[in-house]
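**Q** I need the structure of the sequence given here:
(4 chains)
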Number of protein chains: 2
Amino acid sequence: MSPKTALGKWEILLKAYTLFRKQGYHAASLSDLAECCGIRKASLYHYFKHGKQQIMEEVLKYVINYTRERLINSASDESRSPHQRLHRITEKMQKFYQFQTGGCLMGNILLETAQSNKAFHPYFEEYFQAWEDAFFLILQHQYDEIKARKKARRYVREFQGAIMMMQVTKNAKPLEEFSENILEELDE
Amino acid sequence: MSPKTALGKWEILLKAYTLFRKQGYHAASLSDLAECCGIRKASLYHYFKHGKQQIMEEVLKYVINYTRERLINSASDESRSPHQRLHRITEKMQKFYQFQTGGCLMGNILLETAQSNKAFHPYFEEYFQAWEDAFFLILQHQYDEIKARKKARRYVREFQGAIMMMQVTKNAKPLEEFSENILEELDE
DNA sequence: ACTTTTACCTAACGACCGGTAGGTAGATAA
DNA sequence: TTATCTACCTACCGGTCGTTAGGTAAAAGT
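**A** Numbers count the residues shown, from 1 in each chain, chains lettered A, B, ... in the order given. The predicted model follows:
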């Protein structure tokens, strides 16, 4: 099916993820992407017939899946206590975002394109809803429905704010402080 | 000094503020800016000899000053109680960001350029520090120094997260919920 | 063996980017 | 009155953008 050195859609998507996360949607060019994939710009259209926007959309889908399967999943681990689950999830977040130069792709692209590209909007909704649901799953055992929802939304706000502040402080302290903070709170 | 219809640096800066806030740094072009100022692109260089980056920097300075003077200032009003001050500040935030299509310029440009343009970084540091200091001023009377600082940093995270979430929900609820939340908390 | 498909390539397109050179009409200063 | 300065202008630069057309060699299917 493929010639010897076939690169595959997957590897391009991974490179695109990193590039878009660091550079943003507009500043990351298809030439840049092609170069760091070791192919020519026009070849990108073999895998992505609809160009840059399609690549971005597929990266957004990938991030949603990855987040669900690798970051958020421990929220529904019924064999552990709420505190254990929250601890596990903050641990994963810290490990993940510690090395993601440029922070959270979803937050970055959201703020860059929200006013100009409505095509991306459904992905943002799904992503942040997934985080809210994850926190809600943990909190619903300790609080009533309304209070748990409210707290979950607050966690999402603070989580994204923390990743934003990491771009200012240039270290992981904002996310650490967020983690400590919500773990303490659950003990009260 | 000026010909009849002189436009002035100030009006250009205001238009640039709105354009950069809505479109972002890279997507907002100098042609766009010139057009919505009613002048030609090259004329922008009369006021801003160093081009786009200088315009952005002066917008960042303007936002810092505006924020200090119009939004944050009530934090140091010694004639009011901490609760009154916090109420006043959240009120102003809501009135301001309700109509700022595209959210917070500082947050938007921070996430878009943090990895590629170090020239803007000092402005981001100053801006977010100003917010933290404002919250700290209010909180220092109720809590010890360390706890007040921690809480102030948390408010900044949640505040920025709330404005980000406004881009997802397309309404002002995240910021409202944040305001309710910190006001309740101060009463405890 | 022959055909089709895959995974690339080279070359070029028009549009637009930020930025520069140099001019000009009108207001101001001497 | 004359000289200077201000606030624009037209015209253009090289470069890069996303995108398209059309080719090619090798692998896969029949």
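
**Q** where do the helices sit along chain A?
**A** Ranges of helices within chain A are A:8-23, A:30-37, A:44-47, A:51-66, A:82-98, A:105-113, A:121-139, A:145-169, A:173-187, based on DSSP state H.

**Q** so where's chain A uncertain?
**A** Residue ranges of chain A with pLDDT under 70: A:1-7.

**Q** go with 80
**A** Chain A contains residues with pLDDT under 80 at A:1-7, A:187-188.

**Q** in it, what residue lies closest to DNA strand D?
**A** Proximity of chain A to DNA strand D (C-beta to the nearest atom of the strand) peaks at residue A:51, 2.2 Å away. Just so you know, the C-beta spots here come from the backbone N, C-alpha and C atoms, and that holds for glycine as well.

**Q** how about that residue, what does it touch?
**A** A:30, A:44-45 (C-beta atoms under 8 Å, 6 or more residues apart in numbering or on different chains).

**Q** redo those as a markdown table? Include neighbour count and distance to residue B:176.
**A** Output for these, formatted as a markdown table (neighbours: other C-beta atoms under 10 Å in any protein chain shown; distance: C-beta to C-beta, whole Å):
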| residue | neighbour count | distance to residue B:176 |
| --- | --- | --- |
| A:30 | 17 | 41 |
| A:44 | 21 | 43 |
| A:45 | 13 | 45 |
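
**Q** show me which of those residues neighbour DNA strand C.
**A** Among the contacts of residue A:51, the residues lying close to DNA strand C (C-beta under 7 Å from any atom of the strand) are residue A:45.

**Q** not counting sequence-adjacent ones, nearest residue to residue A:43?
**A** residue A:34 (6.8 Å; C-beta to C-beta, 6 or more residues apart in numbering or on different chains).

**Q** that neighbour: how many residues sit nearby?
**A** 17 (other C-beta atoms under 10 Å in any protein chain shown).

**Q** then the one 5 residues further on?
**A** If you count neighbours by other C-beta under 10 Å, residue A:39 ends up with 16.

**Q** ramachandran angles for it?
**A** In terms of degrees, to the nearest 10, the main-chain angles of residue A:39 are phi -130, psi 180.

**Q** cool, and residue A:170?
**A** Torsion angles, degrees, to the nearest 10, at residue A:170: phi 60, psi 30.

**Q** quick one: neighbours of it, just the number.
**A** By other C-beta under 10 Å, neighbour count at residue A:170 equals 10.

**Q** OK, contacts around residue A:149?
**A** Listed by C-beta under 8 Å, 6+ apart, the contact set of residue A:149 reads A:132, A:136.

**Q** how close does the closest residue in space to residue A:140 that isn't next to it in sequence get to residue A:136?
**A** Take residue A:140 and drop its neighbours on the chain: the residue closest to it by C-beta to C-beta, 6+ apart is residue A:148, 4.6 Å away. Distance check for residue A:148 against residue A:136: by C-beta to C-beta, to the nearest Å, it reads 6 Å.

**Q** quick one: contacts for the closest residue to residue A:137 other than its chain neighbours?
**A** Nearest residue to residue A:137, sequence neighbours excluded (C-beta to C-beta, 6+ apart): residue A:75, at 4.7 Å. Neighbour list for residue A:75: A:85, A:89, A:133-135, A:137-138 [criterion: C-beta under 8 Å, 6+ apart].

**Q** could you redo the last one with a cut-off of 7 Å?
**A** A:85, A:89, A:134, A:137-138 (C-beta atoms under 7 Å, 6 or more residues apart in numbering or on different chains).

**Q** so what's the residue count around the closest residue to residue A:32 other than its chain neighbours?
**A** In this structure, residue A:32 finds its nearest non-sequential neighbour in residue A:19, 6.1 Å apart by C-beta to C-beta, 6+ apart. As a burial measure, residue A:19 scores 23 neighbours (other C-beta under 10 Å).

**Q** check residue A:87 too.
**A** 17.

**Q** residue A:184 is in contact with that one, correct?
**A** No: contact criterion C-beta atoms under 7 Å: residue A:87 and residue A:184 do not qualify, at 11.4 Å.

**Q** against residue A:75, how distant is the residue of chain A closest to DNA strand D?
**A** Separation of residue A:51 from residue A:75 (C-beta to C-beta): 36 Å.

**Q** one more: residue A:172?
**A** Taken as C-beta to C-beta, the span from residue A:172 to residue A:75 is 22 Å.

**Q** now swap in residue A:107 and tell me
**A** 20 Å.

**Q** what's the answer for residue A:129, then?
**A** Distance from residue A:129 to residue A:75, by C-beta to C-beta: 13 Å.

**Q** for residue A:150, same thing?
**A** To residue A:75, residue A:150 is 17 Å away according to C-beta to C-beta.
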